[in-house]
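Enquirer: A structural model of the following input is requested.
(2 chains)
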There are 2 protein chains.
Amino acid sequence: MPDVDATAPVRADADPPAGLLDAFWRYERALMADDVPGLDALFADGPWTLRGDAGGLLVGHDAISAFRRGRGGAPQRRIAAVHVRVLGQDDAVVVAELVPRTGGRGQQTQVWRRGERGWQVLVAHVSAPAPAVDGRVWREVGTPLVAGSDEGPLSGARVAVKDLFALAGHRIGAGVPAWLASARPEPATASAVQVLLDAGADVTGLARTDELAYSIAGANPHHGTPPNARVPGALPGGSSSGPASAVALGQADIGLATDTGGSIRVPASYQGLWGLRTTHGRVTRDGLVPLAPSFDTIGWLTRDRTTLAVASRVSGAGAPAEPAPERFVVAPALLGDLDPAVQEAFGAWTAAHASAEEVDLGDVAAAQEAFRVVQAHEAWGVHGGWLTAHPDAVRGAVAERFRVAAGITDGEAARARAAVERHRQRFADALDGAILVLPSAASPAPQATADPTAVDAVRARTLRLTCVAGILGAPALSMPLLEVDGAPLGVCLVGPRHGDDALVHRAAAFER
Amino acid sequence: MPDVDATAPVRADADPPAGLLDAFWRYERALMADDVPGLDALFADGPWTLRGDAGGLLVGHDAISAFRRGRGGAPQRRIAAVHVRVLGQDDAVVVAELVPRTGGRGQQTQVWRRGERGWQVLVAHVSAPAPAVDGRVWREVGTPLVAGSDEGPLSGARVAVKDLFALAGHRIGAGVPAWLASARPEPATASAVQVLLDAGADVTGLARTDELAYSIAGANPHHGTPPNARVPGALPGGSSSGPASAVALGQADIGLATDTGGSIRVPASYQGLWGLRTTHGRVTRDGLVPLAPSFDTIGWLTRDRTTLAVASRVSGAGAPAEPAPERFVVAPALLGDLDPAVQEAFGAWTAAHASAEEVDLGDVAAAQEAFRVVQAHEAWGVHGGWLTAHPDAVRGAVAERFRVAAGITDGEAARARAAVERHRQRFADALDGAILVLPSAASPAPQATADPTAVDAVRARTLRLTCVAGILGAPALSMPLLEVDGAPLGVCLVGPRHGDDALVHRAAAFER
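Expert: Below you'll find the predicted structure:
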């Protein structure tokens, strides 16, 4: 057990009740030793115990204990001073000034209560010093990194650029350290970035992505998983994980991102953001690392609908502008495989807001499979050469997906491509110009500590939903309107091609 | 008064005592309206009240009230949920989940107590979401911004580079937005940076400086004053303010900085860091924006002596290595004008550690004045042309100093230069090869809200101390060994030219 320096001065407004400071130092020793049972025993049992830090507020002993088991130890620290406020014989507040081994100062506020099991913490609030930059969310940040025009409709907006877009003079990282290491500074800024700069927005920085954007989970084995700003310990959603977390954390106002199979809609859903996947081909993709060009689109994540509307408008200038249909439809084939709580929340919302008729999209599982094969084949076409030359560059689930992709023959891909075309026609016929309403994801965000098999199962069920807009090449808007077990979930509107702006405008009716 | 949305769900483990929630919402309304008397009335009177946030822990009602008066309003926010834990009829904890208007989540923990004046807060702990980057401390940050060699004695160390040094591909900002706006990316990295990279350190980012480094306060009117990591609300010290705060906050391990008239020693003293101003000319100054070349030196700020020793050793490779003298001396002429508490702390330290004999440095006030004139004349020589072309680029005290500098004639400068030479000889004779011991600054850090006249007076008294090493061109080591009224203060050792490494080694005897 690490040695704990218990010599800090104690400043108390009255004599500390017997045993309080012993318990306090016992807790400190257990914390430094990552003795989870010891820590659990010193926190009050039951649903009323609270513990908060920068990751969010945990409610109840179980949630707190699970957090401790998952984090792999607290940062080492020294206690510089202890302040005790005695509330009564059995209640006291202990505030500790912390000096982390890595510098800076922190604070730990604990409300202790004496019960049958002796002194235990009822409420804890911990502040650790902030890092220079949260490397889970960002790779490079400035104040700003690139300044926009002095005037414009996005003046003052801060943009988190997914680390797939070119910024002149900066390298692209693509979520893969080996990619970054072999990258050279880009000669020009991607059009999708430039149009935001021209509209007055500033680029705050380059934000993290899942490896080569080939995931919707939001985890990255190289630089950590960005936090879910709304659900402590949950996955942020990906692959636009960094832009989404940056916006949800208030560190940016617009996440400039990409969506091939759900990479904007899923993090928007998981973190309670607005997210728009644009019509395929609507926003120019120069200066962007591709994944699967037939489905790759550009879009944005925001905290409010208005900012999203402006980003979409300035980025689509010159493109066609289709109106949004009045009619909403739902597809029962998409809803059978959802979490029951998601079904219930989505059903209640559509009943209240969209009075949607039902349409038959046909065999959506087959469509999803065809989409998967074409996407994988294209992804290997784009990255296979580089990945072969850098065999250890990507890991885990992404490495496995590329391994499978490498085995797809041109014949299989051609058949899948034909199937995608058939499903596209079928979907278009079924929708008949209506807006399709569906959940943005099959479930709220799983916990980041969930096992990979469970995360993969969640992925498959969500891709069933997201592939529809991908196959249609249609815009898809995720609206942060639902809450399931306290976690956010998006309602998604899939509109007609080039109905992007109209779709965002139409959503004003649903804003809370 | 702004409207406060008081509809957040309240989750309480028992019926909240009468009046508690009323007081809670009254506090929220007062906070949103920046009603300082209202807030003061809702915090318990006296020395035992506590309020902590990322800026540090404030102890006592007076300190908390002063903080509120100085900050100009709290960030606007909404309360998403309220958790009440009832400790007794007159004691309760209220934890609020906060949603700042600018996004992210925060937490406010309050311990309320009912007394003669009704419900009042006894302990408060507030967490606001961290920004992408603290623009008071940094201009540009990466993970890292520039990676160092894989191996080396500084492997793993994170460097905050003062925004006066060239990094290839990045611009220099020099603490002046107009300077940055007209800057182009640097073609090469400054030697002083490169040697740290070669030793394995990573550059985390470019950190703030006072405008053109012409100050020791650490304030900057353009992008805010970096926080003093050790004294809530105090000036960080400058001009190496950003590197010092970054290191003190734990956001970097080494601050690469410059010291012309105290710009390393003063922030080291104010924030409890180790700081070394090197022998003039020892570390090559290519790729560095100069201030007054006759006195400009390079050096480092660290939290521990060992890291400083390595930075000094690798940066001075190839330079002469003089031994450190055994003998210590003090100069009474330097000590008369100090705060009494500083005199006492310094006197006690020298009595206990250095058994120093006294030397006569002559007319130190005259030496300081000669130093001032030469520095100013050189500063105008370096920057006068640019400042004339950019008349509003610098502000306040720095603008005033340049205005005075512009009026110094070549004849006045020549006479001052001759005087500096005489004082240099006089100092060298008096020291006779000994180490001069003196406080690193005349006082602990003033509060950032102190009026400019007071800050200027502090400056003049501190420059009396710091000019000695400047005139000698000698290395000066600030050691974080004293505490005055709870604030850090450095003990400074001025050693022989090129005794840099030996001086740092010698200081091992004084480490706490």
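
Enquirer: okay, CA-based contacts and neighbour counts for the rest of this
Expert: Noted.

Enquirer: okay, the closest residue to residue A:171 other than its chain neighbours: pLDDT?
Expert: Spatial nearest neighbour of residue A:171, excluding adjacent residues (Cα to Cα, 6 or more residues apart in numbering or on different chains): residue A:185 at 4.4 Å. Per-residue confidence for residue A:185 comes out at a pLDDT of 96.

Enquirer: buried residues in the top helix by length along chain A?
Expert: When secondary structure is assigned using DSSP state H, the longest helix within chain A turns out to be helix A:364-389. Within helix A:364-389, the residues that count as buried by 16 or more other Cα atoms under 10 Å in any protein chain shown are A:364-365, A:367-380, A:382-384, A:387.

Enquirer: before we move on, what about stretch A:395-414?
Expert: Neighbour counts using 16+ other Cα under 10 Å place A:395, A:397, A:398, A:399, A:401, A:402, A:405, A:406, A:408, A:413 of stretch A:395-414 among the buried residues.

Enquirer: quick one: which of these is nearest to chain B?
Expert: The shortest separation between chain B and any of those is 20.2 Å, and it belongs to residue A:395 (by Cα to the nearest Cα).

Enquirer: how much space is there between the closest one and residue A:428?
Expert: When Cα to Cα, to the nearest Å is the yardstick, residue A:395 and residue A:428 sit 37 Å from each other.

Enquirer: One more: residue A:265?
Expert: Separation of residue A:265 from residue A:428 (Cα to Cα) stands at 21 Å.

Enquirer: Likewise for residue A:413?
Expert: The gap separating residue A:413 from residue A:428 is 22 Å, by Cα to Cα.

Enquirer: repeat for residue A:402
Expert: Between residue A:402 and residue A:428 the computed distance is 30 Å (Cα to Cα).

Enquirer: rewinding a little: helices - which of the buried residues of stretch A:395-414 land there?
Expert: The subset of the buried residues of stretch A:395-414 located in helices under the criterion DSSP H comprises A:397, A:398, A:399, A:401, A:402, A:405, A:406, A:413.

Enquirer: how far does stretch A:498-512 stretch from start to finish?
Expert: 26 Å.

Enquirer: shaky segments in chain A?
Expert: When the per-residue scores of chain A are filtered using pLDDT under 70, the ranges that remain are A:1-2.

Enquirer: how is it carved up into domains?
Expert: Domain assignment for chain A, taken from automatic domain parsing, gives A:10-127, A:138-510.

Enquirer: Out of those, which is the most enclosed?
Expert: Counting by mean count of other Cα atoms under 10 Å in any protein chain shown, domain A:138-510 has the highest mean neighbour count of those, with a mean of 22.

Enquirer: and that one, how far from the chain's centre?
Expert: Relative to the mean C-alpha coordinate of its chain, domain A:138-510 is positioned 11 Å out (Cα atoms, centre = their mean, to the nearest Å).

Enquirer: Could the C-alpha coordinates of stretch A:19-27 be exported in CSV?
Expert: What follows is stretch A:19-27, C-alpha atoms only, in CSV (Å, rounded to 0.1, in the frame of the first residue of the first chain):
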residue,chain,number,x,y,z
GLY,A,19,-13.0,8.8,14.5
LEU,A,20,-13.8,11.3,11.8
LEU,A,21,-10.2,12.0,10.8
ASP,A,22,-9.2,8.4,11.2
ALA,A,23,-11.9,7.5,8.6
PHE,A,24,-10.7,10.4,6.4
TRP,A,25,-7.1,9.1,6.3
ARG,A,26,-8.3,5.5,5.9
TYR,A,27,-10.2,6.6,2.9
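
Enquirer: Contacts for that stretch, please.
Expert: Applying Cα atoms under 8 Å, 6 or more residues apart in numbering or on different chains, the contact partners of stretch A:19-27 are A:6, A:38, A:39, A:42, A:112, A:119, A:120.

Enquirer: Among these, which lie within helices?
Expert: Among these, the members falling in helices (DSSP H) are A:38, A:39.

Enquirer: Pick out the residue in the stretch 401-512 of chain A sitting closest to chain B.
Expert: With Cα to the nearest Cα as the measure, residue A:486 is the residue of the stretch 401-512 of chain A nearest to chain B, at 11.5 Å.

Enquirer: ditto for the stretch 301-450 of chain A
Expert: The minimum distance from the stretch 301-450 of chain A to chain B, using Cα to the nearest Cα, falls at residue A:303 (7.4 Å).

Enquirer: Excluding chain neighbours, what is closest to that residue?
Expert: residue A:273 (5.2 Å).

Enquirer: Equivalent analysis for residue A:246, please.
Expert: Spatial nearest neighbour of residue A:246, chain neighbours left out: residue A:252 (5.5 Å); criterion: Cα to Cα, 6+ apart.

Enquirer: Could you look up the SS state of the closest residue to residue A:89 other than its chain neighbours?
Expert: Using Cα to Cα, 6+ apart and skipping the chain neighbours, the partner closest in space to residue A:89 is residue A:17 (6.0 Å). Using DSSP: H, G, I helix; E, B strand; the rest coil, the three-state assignment for residue A:17 comes out as coil.

Enquirer: got a list of what residue A:17 touches?
Expert: So, once contact is read as Cα under 8 Å, 6+ apart, residue A:17 ends up touching A:86, A:89, A:90.

Enquirer: who in the stretch 1-150 of chain A is up against chain B?
Expert: Counting by Cα under 8 Å from any Cα of the partner chain, the positions of the stretch 1-150 of chain A adjacent to chain B are A:13, A:48, A:52-54, A:56-57, A:85, A:87, A:91, A:97, A:102-107, A:109, A:123, A:125, A:127, A:129-135, A:138-145.

Enquirer: now residue A:217: how far from chain B?
Expert: Counting by Cα to the nearest Cα, to the nearest Å, the gap from residue A:217 to chain B is 20 Å.

Enquirer: what's the longest strand belonging to chain A packed up against?
Expert: With DSSP state E applied, the strand covering the greatest number of residues in chain A is identified as strand A:77-88. Helices and strands touching strand A:77-88, as assessed by 3 or more Cα pairs under 8 Å, 6 or more residues apart in numbering or on different chains; DSSP states H and E, comprise strand A:10-12, strand A:91-100.

Enquirer: Residue A:261: which of these is closest?
Expert: For those, proximity to residue A:261 was assessed by Cα to Cα; strand A:91-100 is nearest, at 41.7 Å.

Enquirer: Measure how far that closest one is from the centre of its chain, please.
Expert: Counting by Cα atoms, centre = their mean, strand A:91-100 comes out at 33 Å from the chain centroid.

Enquirer: Thanks again, I'm all set now.
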